[in-house]
Structure formats: structure tokens, C-alpha cells
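J.: fold the following for me, if possible:
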Amino acid sequence: MRFPIHITTDQVTYQIRKAMAGETRYPLVLMLEPLYTCNLACVGCSIERHTGKLADRLPLEACLKAADECGAPTVSLCGGEPTLYPELPELIAGIIDRRRHIYLCTNALLLDTKVFDRIPPHKRLTVNVHLDGMRETHDMVCDRKGVFDKAIEMIRQAKARGYHVTTNTTVFKETSLEEIEQLCKLVKSLGVDGLLVSPGYHYESVKENIFLTQQEIHRKFKRVLELSKEYPMQSTPMYLEFAAGLREYSCSPWSTVTFTPKGWKKPCYLIGEEYIPDWKTFWNSTDWEYWESRQDDKCQNCKMHSGFEASAVRELRKSPKDMLRMAAWNFLG
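T.: Numbering: from 1, shown residues only. Predicted coordinates:
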């Protein structure tokens, strides 16, 4: 299977329960940023995500309250660098107690000192290592030499210790198609359980000209779509076809909500127009219909999985053919 059976069944059960309650908008993933502190200053990352002070981190209780309030079955722990969060073992244990699935999104530099001997493998925990290319590209994006080699070694050790491990690769303007394929071959040889490839996160606060235009996304993701037939990619075929310009979707910004040291990020993971302290105000005051329409200038080149994977799934009911493709992709992939 593309995903462990318990992840698939929990997601499907959650969506059925929401549909039976008559809800058409609901979060599928909580992007939980317990801190903005980071041990890297990557060129494609927004400034607040690597300049935060550890003292300004979210309290453990606030993190668990956010998970309770939004109810999403999957929690993506990011930041900042989440392995720097002092209460990480307690946070992961608390989320597991709530029967949620965790993706620990990390640059992997501290897995050996902050995770391996403090947080045991668990079926609800996935270690998600960020790799933005092969050695030269990844170290350039991270603005530090040696990061790639350490990440690869940590992947090897994590797999040997029994962790469920995936990788996450961001495609930028300078990322070559050949390098994407090289990276896919490498991580497959390491035995990773899945890999995610997505267009560069165009954070509103990042001004560098490193992100892809829509035409560049289409060209590069036509090749990624081909590679998905050979490698265990976790993006659905429908989303990859969307990224390749072969189909069109409205956005589902409500499907991936973000809680940060500043509050709930409104309206979405990439655009921080406002930060709201409480969940109900954030959820009820956001003009979801406007952001779904993609009419805002900031949305024109966006093809991010955080906004469109849910759209692809939502549209499945309109196409029995796509439903069969999705089932084959997940259960036979």
C-alpha cells in the first residue's frame, strides 16, 4: 500500500463522519509550528521560520489544544526545526494519545541527539526528512555544507531503528529534471517509505527569485508525473496532473490549517494576512469562498499540495474512473 492501512482507514472514516454531519469544509492536516527557532536559514524559507527565539515557543498545552480544536487526523510538526522543541517527546506522546498521525518534518541534523534515544518508533509517527536535491543543491539551499550528507546518514539510521521515514523535496527554479530523478533513485535505494515532491513554497515574505512560474511548474511536473509511476511518491496522480497543467482545481485552503507562535495563520499556510489567537474566530472569520476561487494575486502561481490535494480528493466523486485510479494508486502502488 502507498500508505499504512491505519492512516488510510482513519482518513476515510474521518471524511465520512464529516460528510454525514453535512460539513463541506474541514481540516485534514494541522500544520503545527511549535516554534520559529531553527538551526538553518534556508534560502527559500520565510524569515520568521529561522529567526525565532526558543523562549517564544508555544507552550505544550497550547499545541495540544490546537490539535483538539481543529480535529484534523494528521498533524505535521514543522517550524522552525521541531527537533529543537524541548517538549517534543511529550508533544508527540500527547498527539499519539489522541490517535492522530504525526509527520515530524525535519532537516534531520539533530535526529541522533534529539529523537532516536528520546522518542521510540511508533506506527503513528513518520519522520519526514527535507531534501531539496542532491548534495550541491541541497547544501546551497540550506546555506551550509555537509547538511546533505548528515541527512542521508540520519535516514539510514532511522530506517535501521524501525522508524517510518519519508522525504519531502521542494522544486525551485534552478532544480533540474535530471536531479529530481537522481534524488528519487537515491531515496528509494535507502528504503524510504514514501517521497513528496512539490513546487517551491512561495512564502509571501520571501522576495528571492527562486520560485517557479506556473509554466515552469507545468513543465517540470510533467516529468515528476512520469517518475511517480516508478517511485513511491505520496502525491496523488490527480494532484500531479494538476501540477503538470493537465487538469484544473479550485483551492481548498481550509484543508491544511496552520497554528504558530503568533496564532492561527489566516488564510493559509503560505499567506499570513492575519494571525488569530482562537480557533473559532479564525475558522468563522476567514472568507473561504474568496480564497477557494484563487482570484487573489498571491494565488496565481500557487500549485501547493497543501491547498490542492484535498481538492483532488473532493472531486473524485464526480469521476468513477478517477476513483478507481485512486484506489489502485493507494492499494497497489
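J.: C-alpha only now, for contacts and for neighbours.
T.: Fine.
J.: worst-scoring helix or strand of this protein, pLDDT-wise?
T.: Using mean pLDDT, DSSP states H and E, helix 48-51 stands out as the lowest-scoring helix or strand of the chain, at a mean of 64.
J.: what's the single longest strand in this structure?
T.: Assignment by DSSP state E gives strand 164-171 as the longest strand of the chain.
J.: just the CA coordinates for it, please, in CSV.
T.: As requested, the backbone C-alpha atoms of strand 164-171 are provided in CSV (Å, rounded to 0.1, in the frame of the first residue of the first chain):
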residue,chain,number,x,y,z
HIS,A,164,8.6,5.1,9.2
VAL,A,165,10.6,7.5,7.1
THR,A,166,9.5,9.7,4.2
THR,A,167,11.3,12.6,2.3
ASN,A,168,10.0,16.0,1.2
THR,A,169,11.6,17.8,-1.8
THR,A,170,10.8,21.3,-2.9
VAL,A,171,11.4,22.1,-6.6
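J.: buried sites along the helix or strand that that strand is followed by?
T.: Reading on from strand 164-171 to the C-terminus, the next helix or strand found by DSSP states H and E is helix 177-189. Across helix 177-189, burial judged by 16 or more other Cα atoms under 10 Å covers 180, 183-184, 187.
J.: do stretch 303-323 as well
T.: Using 16+ other Cα under 10 Å as the test for burial, stretch 303-323 gives 303-312, 316, 322.
J.: work out for me the element the residue lying closest to P89 once chain neighbours are set aside sits within.
T.: Among residues not flanking P89 along the chain, I119 sits closest, at 5.8 Å (Cα to Cα, 6 or more residues apart in numbering). When elements are assigned from DSSP H and E, I119 belongs to no helix and no strand.
J.: quick check: the gap between I119 and L125.
T.: 10 Å (Cα to Cα, to the nearest Å).
J.: who's more crowded, the two?
T.: Comparing I119 with L125 by other Cα atoms under 10 Å, the one with more neighbours is L125, at 22 against 15.
J.: can you pull the contacts of the more buried one?
T.: 101-104, 163-164 (Cα atoms under 8 Å, 6 or more residues apart in numbering).
J.: which two of the residues you listed have the greatest separation?
T.: H101 and Y163 (13.5 Å; Cα to Cα).
J.: overlap in contacts of the two?
T.: 125-126.
J.: more neighbours: which of the two?
T.: The neighbour comparison of H101 against Y163 (other Cα under 10 Å) goes to H101, with 24 against 20.
J.: can you classify K266 by secondary structure?
T.: The three-state label given to K266 by DSSP: H, G, I helix; E, B strand; the rest coil is strand.
J.: please apply the same query to V127.
T.: What three-state DSSP gives for V127 is strand.
J.: how about V165, nearest residue that isn't a chain neighbour?
T.: Among residues not flanking V165 along the chain, V127 sits closest, at 4.8 Å (Cα to Cα, 6+ apart).
J.: cool, and Q182?
T.: M134 (7.5 Å).
J.: from K185, how far off is that neighbour?
T.: From M134 over to K185 (counting by Cα to Cα), the distance is 11 Å.
J.: next helix or strand past the helix of greatest length in the chain?
T.: Among the segments of the chain that qualify as a helix by DSSP state H, the longest is helix 5-20. Using DSSP H and E, the helix or strand that follows helix 5-20 towards the C-terminus is strand 29-32.
J.: how far is that next one from where the chain is centred?
T.: 9 Å (Cα atoms, centre = their mean, to the nearest Å).
J.: packing partners of it?
T.: helix 60-70, strand 74-77, strand 256-260 (3 or more Cα pairs under 8 Å, 6 or more residues apart in numbering; DSSP states H and E).
J.: could you dump these to a markdown table with distance to P267 and mean pLDDT?
T.: Shown next, in a markdown table, are the helices and strands packed on strand 29-32 (distance: least, Cα to Cα, whole Å; pLDDT from 0 to 100):
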| stretch | distance to P267 | mean pLDDT |
| --- | --- | --- |
| helix 60-70 | 15 | 98 |
| strand 74-77 | 18 | 98 |
| strand 256-260 | 8 | 97 |
